[in-house]
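# Would you be able to build a 3D model of this:
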Amino acid sequence: MIETRKAGIAVILASCGLLGWACSPAAADVRIKGQAQVSGAPIASSTVTLWAASTGDPVQLAQMKTNADGRFDLRAAERLDLRTLETKNIVLYLTAEGGVATIKKGTGDDPGIVLLAVLGNSPPENVVINELTTVASAFTAARFLKGEAMSGNSLGLRIAAGNTPNLVDPVTGKWGKVLLDPLNSSMTTTMANLDTLGSLISAYATVANDDWRARFLKAATPTGGVAPKNTLEAMEGIAREPWAAPKELYGLFDEVYPLPAPDGRRSAPFAPYLVYVPDDFALSLAFSGGGVYSNGRFMFDADGNLWCGMNWMPGSQSGVNMSTGGGVVKFTPNGIPLSPPITGFTGMGINGVGWGTAVTKDRVWISSFNGKILVMDFDGKPVATENDFPFKEKLLGLMGIGVSASGDVWIADGSDNQLLFFPGGSIKDGRIVKVAGLKSPFDIVIDDQNRVWVSNSSSDTVVRFPANDPSKVETFHAGIGVRALALDSKGNVWVANNMDLKMPLPQLPDHLTIMQQFKLITEAMVKYIEGPPARITGAVNMIRPDGTQPAPEGFTGPAESIAWGINVDGNDDVWVGNMWGRSAALLAGDNTAGHPPGTKAGDVIHIFQSGTIQMVTDVSIDPAGNVWVANNWNKLEAAAGPDPARPTSTWGGGSGFTVIYGVAAPVKPPRMGKVQRY
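Numbers count the residues shown, from 1 in each chain. Take a look at the predicted model:
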């Protein structure tokens, strides 16, 4: 048992939503009834504890032993005035420690069985705590758990609690609604991963011998950490590094639940299960709706909601040759669309959004392929009109938007090789800024010294200048077709490049539309990649604040396969979105803490792939450490072919997006300047 402050308190409001965004002013007692199970059978005499998690140490609210049927009935003994507690910042969770697995006759108390169920702050009255709730909760809350203790930033805790039932229903202890939808149940290995991990807990509690248990705990030991002592700690280790020991964990599963024949059924308690060694045990879910199709840049607001502009409209036969522009989507942190279906949010003349999505403390900024700018409040309502912008010039092909820590907004004009500047985010004070060395500017970041960094998508350069003196331009070489930029906590600029320096630079005339650029670049890259010989192209560069680079040629390989998006997490690790690789890659950043000895900046930690991860632009990290992966394209022939096959002519844009749970260090939104840690 972990040491806690004892408190018999009721902290939940009956009318609170699962994430606690809106609560009524009246308190209500907490009562949670349920059953502790393993392999579908009761766990008798297990110590079940109700906890309240927040930024500090968890508070024990109630505790009891389960009866012979594994049942419990917990009540918080006292009420607590809401004036002394912000209920929305509390997340409730249950642990079940030890007890007798009744399915295993003749055994006694087993302290190695520890189960978990994260419930949020509006829990159901009846719950099941079992292997599947433990796996789902350990993954969604991976960045906040240390043994039975859960704590962390309040927004991240609420995000974790809101996503747990997407994987497993706390009332039944079986698969959650989102996991059961067709997009997830049959298109990915998430259900099989979940069931296999759950079966490993079952095996530990029921059929495994001491040698198997020791090997299981060893395989679940996190890098640089101590060996787990129980099933919960084991799942926490796997959740934080699901790529670390997939072969060993699968082997342990296969050992206790062998496949009797190619068409036989394992005796494992949960199915479907894995029948091949996985690349990792990551749990991810795909989400769609709200106008999602061909995602561009992902940004989170201060409440953890996702905002993203769409290249094209869902259902349209859009591609680089013909296109119907999309709008802007908004999703809650647990994947519920808040924007209108198909069109998303629109206004102020926008028609299709590329890389131009940014979020400030009070606004959402969107730039469009057709040169229009949309500025919205967080309800998706425009806060201005087209005529409020002071520009007389006709704009076209607006791309990335950079926001400084102070709120200055910069927009890249990809067609006219210039920038738009809005001091303090003031629309009426916007002006055009001419900067030498721009070649279809694509993305912008602003560092702590108020220096503006701009990537050139039609070149191999990144330019930098003081915000107050654009004439003082410095130029840095990177890969070819420079795309996304990201600032780590040390002020290093990380650069994603479509192509590495081995590939000839395609000829890109000035003043092309972005779709014309995409068409020419795609033709050149596909021809180079397909060969013969077959090749990979793409690169990531790191530019230090003093302008030096540890790897001037860039980091290259399978983890940089037409690299497009890039972001930095709270550990300064680097996440890369790969268009051709159809993947999200994790690279060691300038801080290699938590990685194996000898790891260097730029080293590949893991490459994540999934049946729902398509041709990726962006990857972004939320306050719970979840990685959101943007599907931009799907079927190449539909996106870039001159006359696509009609049955798949609506498959050019990427469908939905994928969230990988708990694999990154949390990041504080919104993204303004360098990465902000908790």
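# where exactly do the helices run in the stretch 1-150 of the chain?
For the stretch 1-150 of the chain, the helices defined by DSSP state H, counting those that start in this stretch cover 131-140.
# nope, the chain is what I meant
Using DSSP state H, the helices found in the chain span residues 131-140, 154-167, 177-180, 182-185, 190-206, 210-219, 231-240, 246-256, 514-530, 636-640.
# and the ones you listed, which one's lowest on average pLDDT?
Across the helices of the chain, the stretch with the lowest average pLDDT is helix 514-530; it has a mean of 88.
# And it, what does it pack against?
For helix 514-530, the elements it packs on are strand 493-499, helix 636-640, judged by 3 or more Cβ pairs under 8 Å, 6 or more residues apart in numbering; DSSP states H and E. Where C-beta positions appear, they are placed from N, C-alpha and C, glycine not excepted.
# Let's see the first one as PDB, backbone CA atoms only.
It refers to strand 493-499. What follows is strand 493-499, C-alpha atoms only, in PDB (Å, rounded to 0.1, in the frame of the first residue of the first chain):
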ATOM      1  CA  VAL A 493      15.100  24.300 -33.800                       C
ATOM      2  CA  TRP A 494      14.100  20.900 -35.200                       C
ATOM      3  CA  VAL A 495      13.500  20.800 -38.900                       C
ATOM      4  CA  ALA A 496      11.500  18.200 -40.900                       C
ATOM      5  CA  ASN A 497      12.500  17.900 -44.600                       C
ATOM      6  CA  ASN A 498      10.600  16.000 -47.300                       C
ATOM      7  CA  MET A 499      13.900  15.000 -49.000                       C
END
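# Show me what that strand pairs with in its sheet, parallel or antiparallel.
strand 480-487 (antiparallel), strand 539-543 (antiparallel) (DSSP bridges).
# Mind checking these for the one nearest to residue 607?
Nearest to residue 607, of all these, is strand 539-543, at 12.9 Å by Cβ to Cβ.
# which residues touch that closest one?
Residues outside strand 539-543 that contact it (Cβ atoms under 8 Å, 6 or more residues apart in numbering): 462, 476, 478-480, 492-497, 499-501, 549-556, 559-560, 563, 566, 574, 576, 587, 590, 601-602.
# just to revisit the earlier point, nearest to residue 595, out of the helices of the chain?
helix 231-240 (12.0 Å).
# what's the spacing between the closest one and its chain's center?
19 Å (Cα atoms, centre = their mean, to the nearest Å).
# any idea of the angle it forms with helix 190-206?
Using axes from the mean of the first three to the mean of the last three Cα atoms, to 10 degrees, the direction of helix 231-240 lies 150 degrees away from that of helix 190-206.
# Residue 187 is in contact with residue 286, correct?
Yes. With contact defined as Cβ atoms under 8 Å, residue 286 counts as touching residue 187 (7.1 Å).
# okay, these two: which has more neighbours?
Remark: of residue 286 and residue 187, residue 286 carries more neighbours, 24 against 15, as counted by other Cβ atoms under 10 Å.
# Please report the distance of that one from residue 185.
11 Å (Cβ to Cβ, to the nearest Å).
# And residue 71, by the same measure?
30 Å.
# coming back round to it: residue 628: which of the strands paired with strand 493-499 is closest?
Closest among the strands paired with strand 493-499, using Cβ to Cβ: strand 480-487, at 14.2 Å.
# quick check, distance from that closest one to the centre of its chain.
Using Cα atoms, centre = their mean, the offset of strand 480-487 from its chain centre is 19 Å.
# Then stretch 134-149?
16 Å.
# same check, this time on stretch 443-450
23 Å.
# For it, what does the pLDDT average out to?
Averaged over stretch 443-450, pLDDT sits at 98.
# which other residues reach it?
By Cβ under 8 Å, 6+ apart, stretch 443-450 touches 355, 399-406, 408, 410-412, 419, 452-455, 466-468, 482-487, 491, 493, 545, 673-674.
# which of those residues are buried?
By neighbour count, with 16 or more other Cβ atoms under 10 Å, those hold 355, 399-404, 408, 410-412, 419, 452-455, 467, 482-487, 491, 493, 673-674 as buried.
# What count of nearby residues applies to residue 377?
So residue 377, with other Cβ under 10 Å, has 11 neighbours.
# rewinding a little: of all the strands paired with strand 493-499, which one comes closest to residue 291?
strand 480-487 (22.4 Å).
# My guess is residue 58 contacts residue 150. True?
Yes. Between residue 58 and residue 150 there is a contact at 5.7 Å, judged by Cβ under 8 Å.
# Overlap of the contact sets of these two?
The contact sets of residue 58 and residue 150 overlap at 51, 93 (Cβ under 8 Å, 6+ apart).
# any common contacting residues for residue 286 and residue 187?
residue 612.
# Excluding residues flanking it in the chain, which one is nearest residue 663?
residue 627 (5.8 Å; Cβ to Cβ, 6 or more residues apart in numbering).
# Which positions within stretch 196-211 qualify as buried?
Going by 16+ other Cβ under 10 Å, stretch 196-211 has these buried residues: 196-206, 208.
# nearest to residue 361, of these?
residue 197 (39.4 Å).
# and that closest one, what is it in contact with?
Contacts of residue 197 (Cβ under 8 Å, 6+ apart): 131, 135, 235, 238, 249, 281.
# likewise residue 383?
Counted by Cβ under 8 Å, 6+ apart, residue 383 has contacts 363, 375-377.
# Just the buried ones among these, please.
For these, buried by 16+ other Cβ under 10 Å: 363, 375-376.
# is it possible to export those residues to TSV including pLDDT and distance to residue 327?
TSV is the format used below for the buried ones among the contacts of residue 383 (pLDDT from 0 to 100; distance: Cβ to Cβ, whole Å):
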residue	pLDDT	distance to residue 327
363	98	17
375	98	14
376	98	11
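# Throw those residues into a markdown table and include distance to residue 333, thanks.
Converted to a markdown table, the buried ones among the contacts of residue 383 look like this (distance: Cβ to Cβ, whole Å):
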| residue | distance to residue 333 |
| --- | --- |
| 363 | 19 |
| 375 | 23 |
| 376 | 19 |
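# So which of those belong to strands?
375-376 (DSSP state E).
# Looking at the buried ones among the contacts of residue 383, which one is closest to residue 167?
Among the buried ones among the contacts of residue 383, and counting by Cβ to Cβ, the member closest to residue 167 is residue 376, at 31.6 Å.
# Tell me if I'm right that that closest one and residue 366 touch.
Yes. Counting by Cβ under 8 Å, residue 376 touches residue 366, with 7.2 Å between them.
# who touches both of the two?
Counting by Cβ under 8 Å, 6+ apart, the residues touching both residue 376 and residue 366 are residue 328.
# Identify the bridge partners of residue 47.
residue 65, residue 97.
# Sorry, slip of the keys, the one I care about is residue 627.
Residues in beta-bridge contact with residue 627 (DSSP bridges): residue 621, residue 660.
# so what pLDDT did it get?
98.
# same thing with residue 508?
80.
# Next, the contact list for it, please.
Residue 508 makes contact with 440, 458, 517, 520-521, according to Cβ under 8 Å, 6+ apart.
# Same question for residue 223.
Counting by Cβ under 8 Å, 6+ apart, residue 223 has contacts 241, 244, 594-596.
# For it, report the pLDDT, please.
In this model, residue 223 carries a pLDDT of 91.
# Kindly report the same for the one 4 residues further on.
Residue 227 is assigned 95 on the pLDDT scale.
# So residue 289 versus residue 336, what's the distance?
8 Å.
# same question but for residue 186, I mixed them up
22 Å.
# Give me the more crowded residue out of these two.
Taking neighbours as other Cβ under 10 Å, residue 186 and residue 336 compare with residue 336 leading, 16 against 10.
# Please report phi then psi for the more buried one.
Torsion angles at residue 336 (phi, psi; degrees, to the nearest 10) stand at phi -90, psi 120.
# Next, the contact list for the nearest residue to residue 412 once chain neighbours are set aside, please.
Leaving aside its sequence neighbours, residue 412 sits nearest to residue 441 (Cβ to Cβ, 6+ apart; 3.8 Å). Residues near residue 441 by Cβ under 8 Å, 6+ apart: 399-400, 412-414, 417-419, 454-457.
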